[in-house]
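Trainee: Output the structure for:
(one chain, ligands or ions: 2)
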Amino acid sequence: MGSIQVAGDVKLASAGQTGASAEETTDGFHLVIDALKLNGIDTIFGLPGIPITDLTRKAQAAGIRVISFRHEQNAGNAAAIAGFLTQKPGICLTVSAPGFLNGLTALSNATTNCFPMILISGSSEREIVDLQQGDYEEMDQLAIARPLAKAAFRVLHAEDIGVGIARAIRAAVSGRPGGVYLDLPAKLFAQSMDAAAGKRSLIKVVDPAPRQIPAQDAVQRALNLLKGAKRPLIVLGKGAAYAQADADVRALVERTGIPYLPMSMAKGLLPDTHELSASAARSYVLPEADVVMLIGARLNWLLSHGKGKTWGGKDHKDWGGQQFIQIDISPQEADSNVRIDAPVVGDIGSCVAALLAGIGANWARPPSDWLAAVADRKDKNVAKMAETLAKNPVPMNFHSALNVVRDLIKANPDAMLVNEGANTLDFTRSIVDMYQPRKRVDVGTWGVMGIGMGFAVAAAAVTKQQVFAIEGDSAFGFSGMEVETICRYNLPVCVVIFNNNGVYRGTDVNPTGGPDVAPTVFVKGARYDKLMEAFGGVGVHATTPAELRKAMEEAVRSKRPTLINAVIDETAGTESGRITSLNPTAKKK
Ligand code: ADP
Ligand code: TZD
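Mentor: Ligands and ions are numbered 1, 2, ... in the order given. Alright, predicted model coming up:
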């Protein structure tokens, strides 16, 4: 292992020959750091160890913020959501084989969600790996990452570091964003080269995510379809949130007067209280709409693949009769599930601007009977929800607890909301209104548990705002150890655990009557608040909405790391939350 230990800082090394003038050299460590800094990367999320420990130290010494995690998956999730929030690739740095694999889940999730991220992993000696001679943490990481990443590269020579990082950045953020793997073998870090040549070899990426202007005929086709619509609907996805074209997206909705439905991470792009929001009438507008314009949203399972009963079809294979316009940067997305009548390919900023230009001053609003029907359905559902929220059952249920969260977000619209769980996710999404773009981050396209604390750390680091993480007790467990990280960096994160004693709920029983509890059940009455106290944060055990409110308000006031163990009725949850229908047994019924 001696070859991968580099003693001290070799930035200024003397040529050492008698009479020879001192020659400035640099090394792989510094070239990686300089290349990242040159491209505006100011934060690395990672976990140290051979061969990248010195890289984390030297990066910190060079002024990069290095946030060190307890598990690489959480560092990776942090990098991914930092990418979503900033449009700059989030960097996750790991050790080889197991550390790399821990980070890979997050990389794969980033690719699936179109989040720009770069997983940089140190790797062991190529010669030994390729001959499978059993090196320390040996693994052919590049081959393993390739199918799960948007792109994957390896750098073998110090003079190629600039190119390697430039390619990784371009691959992560251009076109449809995604996760990129960059393999840096241990030997690379110690390689030295002439400092001036090293500097010349670095690349400051010019225009890393070039605008992609839509074709004018595609824009016209979309406008014609929209113009003829009797019951138009806009669906905003997280691609629209990512694009940061907030003012134009809002102008498009308001100038066309078309009701819109935000996907969960697009909530707040326009305030959820906007009169054209159709969120509260979702099950009415999807089957009733005749023309649907998707903006940065895929017709995947989250939108029932654009067909079936959700869309007014007779069964799950039947098309509901809608015509679709799809705005997306990926030309391959159209027709992935149903026919797209008017694809508009380009970046959302350019596409929405082109649509706005084509709309002009005389655009006719949608027929008033459609708007009235949507408003009517919405009012009824909002009134029904208000009744449910006003109840104060003992113990708390999801609704009475979320009524508090809803008020806290309303009072702190700048705050970030991280959300995972099953019932905890579904109820939070529908009950808690968001008021600003990119404030809500959650389980995304995969519905993956474990994003919670990684997202929370990154949200706090990137936005410097208060973060609320609303977590199912099962969901929290996947990344719970990072409460230490939250305390270590003294982040303004308030974790609220909806503790109903298990996965979905806490009431399942072992049918054999044996001593093991059912697979979905946890220790009853667990005190997650003590976890936060163990690291010097604030732990609160809350059994009523009043206690929950007080603790959340105090967290906002103090900005201290806080974990609230909110005791929820263990009978309150339903299996899989709102996606019970995806259970194989439920499908047969
Ligand atoms: P949601 O889960 O919110 O429905 P998806 O992740 O399914 O959203 O869809 C996001 C879509 O947005 C992807 O198809 C992606 O290609 C697209 N997208 C991402 N960024 C941009 C952008 N800047 N311009 C246009 N489309 C984008
Ligand atoms: N593992 C991973 C990585 N992702 C998953 N989505 C699951 C397992 C399966 N799963 C869900 O889809 S939700 C969930 C699991 C384990 C947890 C639900 O329980 P919870 O939330 O306590 O987090 P509720 O509010 O009690 O339903």
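Trainee: for the residue in the chain that ligand 1 sits nearest to, what are its contacts?
Mentor: Distances between the chain and ligand 1 by C-beta to the nearest ligand atom are smallest at residue 239, namely 1.9 Å. The way it works is simple: take the backbone N, C-alpha and C, and place the C-beta from them, glycine included. Listed by C-beta atoms under 8 Å, 6 or more residues apart in numbering, the contact partners of residue 239 are 114, 295, 296, 297, 328, 329, 348.
Trainee: Select from these every entry located in helices.
Mentor: residue 348 (DSSP state H).
Trainee: In three-state terms, how would residue 570 be classified?
Mentor: coil (DSSP: H, G, I helix; E, B strand; the rest coil).
Trainee: out of everything not next to it in sequence, what's closest to it?
Mentor: Closest residue in space to residue 570, ignoring its immediate chain neighbours: residue 506 at 3.4 Å, by C-beta to C-beta, 6 or more residues apart in numbering.
Trainee: Residue 365 too?
Mentor: residue 257 (3.8 Å).
Trainee: Any figure for the gap between that neighbour and ligand 2?
Mentor: 37 Å (C-beta to the nearest ligand atom, to the nearest Å).
Trainee: Residue numbering should commence at 172 henceforth.
Mentor: Done: numbering now begins at 172, and the last item shifts to residue 428.
Trainee: Settle this for me: that residue is touching residue 538, isn't it.
Mentor: No: counting by C-beta atoms under 8 Å, residue 538 is not a contact partner of residue 428; they are 10.3 Å apart.
Trainee: State the pLDDT value of the nearest residue to residue 211 once chain neighbours are set aside.
Mentor: Of all residues not flanking residue 211 in the chain, residue 259 sits nearest, at 6.3 Å (C-beta to C-beta, 6+ apart). Looking at residue 259, its pLDDT reads 98.
Trainee: Burial check on residue 259, number of neighbours?
Mentor: Look at residue 259: counted by other C-beta atoms under 10 Å, it has 21 neighbours.
Trainee: Can you point out the buried residues in stretch 659-673?
Mentor: The neighbour-count check on stretch 659-673 (16 or more other C-beta atoms under 10 Å) flags 659, 662-673 as buried.
Trainee: and the contacts of residue 410 near ligand 1, which?
Mentor: When C-beta under 6 Å from any ligand atom is applied, the members of the contacts of residue 410 adjacent to ligand 1 are 285, 467, 468, 499, 500, 519.
Trainee: my guess is the fourth one contacts residue 518, does it?
Mentor: Yep, that's residue 499 we're talking about. No: Residue 499 is beyond contact range of residue 518, at 9.5 Å (criterion: C-beta under 8 Å).
Trainee: the more surrounded of the two?
Mentor: residue 499 (26 against 23).
Trainee: What does the residue in the chain positioned nearest to ligand 2 show for phi and psi?
Mentor: Nearest to ligand 2, among the residues of the chain, is residue 643, at 2.1 Å (C-beta to the nearest ligand atom). Residue 643 adopts backbone torsions of phi -70, psi 160, taken as degrees, to the nearest 10.
Trainee: What count of nearby residues applies to it?
Mentor: That count, for residue 643 with other C-beta under 10 Å as the rule, works out to 28.
Trainee: Repeat that for residue 339.
Mentor: By the criterion of other C-beta under 10 Å, residue 339 has 29 neighbours.
Trainee: Contacts for the helix or strand hosting it, please.
Mentor: For residue 339, the host element (DSSP states H and E) is helix 332-344. Contacts to helix 332-344, defined as C-beta under 8 Å, 6+ apart, come from residues 199, 202-203, 206-207, 210, 254, 258-260, 287-289, 321-322, 324-326, 349-351, 353, 355, 359, 372-374, 376, 379-380.
Trainee: Work out the gap between it and the centre of the chain.
Mentor: 21 Å (C-alpha atoms, centre = their mean, to the nearest Å).
Trainee: repeat for stretch 450-470
Mentor: With C-alpha atoms, centre = their mean, you get 22 Å for stretch 450-470.
Trainee: What of stretch 449-459?
Mentor: Taking C-alpha atoms, centre = their mean, one finds stretch 449-459 lying 25 Å from the centre of the chain it belongs to.
Trainee: So for it, what gets flagged as buried?
Mentor: Under 16+ other C-beta under 10 Å, the buried positions of stretch 449-459 are 449, 450, 451, 452, 455, 456, 457, 459.
Trainee: And the pLDDT at the residue nearest to residue 673 when sequence neighbours are not counted?
Mentor: Nearest non-adjacent residue to residue 673, counting by C-beta to C-beta, 6+ apart: residue 692, 4.4 Å away. The model reports residue 692 with a pLDDT of 97.
Trainee: count of neighbours near residue 692?
Mentor: The local packing of residue 692 (other C-beta under 10 Å) involves 19 other residues.
Trainee: repeat for residue 304
Mentor: Residue 304 sits with 10 neighbouring residues when counted by other C-beta under 10 Å.
Trainee: That one: what's it in contact with?
Mentor: Residue 304 neighbours (C-beta under 8 Å, 6+ apart): none.
Trainee: Got the domain ranges for this protein?
Mentor: Domains of the chain are assigned by automatic domain parsing as 183-372, 387-547, 562-759.
Trainee: Ramachandran angles for residue 225?
Mentor: phi -70, psi -30.
Trainee: Run through the residues of this structure sitting next to ligand 2.
Mentor: Contact residues (C-beta under 6 Å from any ligand atom) of the chain with ligand 2: 592-595, 618-621, 643-646, 669, 671, 674-675, 744, 748.
Trainee: same thing but at 8 Å, please
Mentor: By the rule C-beta under 8 Å from any ligand atom, the part of the chain lying against ligand 2 is 276, 569, 591-596, 598, 614, 617-621, 642-649, 669, 671, 673-676, 691, 739, 744-745, 747-748, 750.
Trainee: Ramachandran angles for the most centrally placed residue in the chain?
Mentor: For the chain, the residue nearest the mean C-alpha position is residue 252 (4.3 Å; C-alpha atoms, centre = their mean). When read as degrees, to the nearest 10, the backbone of residue 252 gives phi -80, psi -30.
Trainee: which bits of the stretch 272-421 of the chain sit near ligand 1?
Mentor: By the rule C-beta under 8 Å from any ligand atom, the part of the stretch 272-421 of the chain lying against ligand 1 is 284-285, 346-348, 380, 383, 406-414, 416.
Trainee: Go again with 5 Å.
Mentor: 285, 347, 408, 409, 410, 413, 414 (C-beta under 5 Å from any ligand atom).
Trainee: can you give me the helices in the stretch 222-371 of the chain?
Mentor: With DSSP state H, counting those that start in this stretch, the ranges of helices along the stretch 222-371 of the chain come out as 224-232, 243-257, 268-284, 297-301, 312-316, 332-344, 357-361, 366-372.
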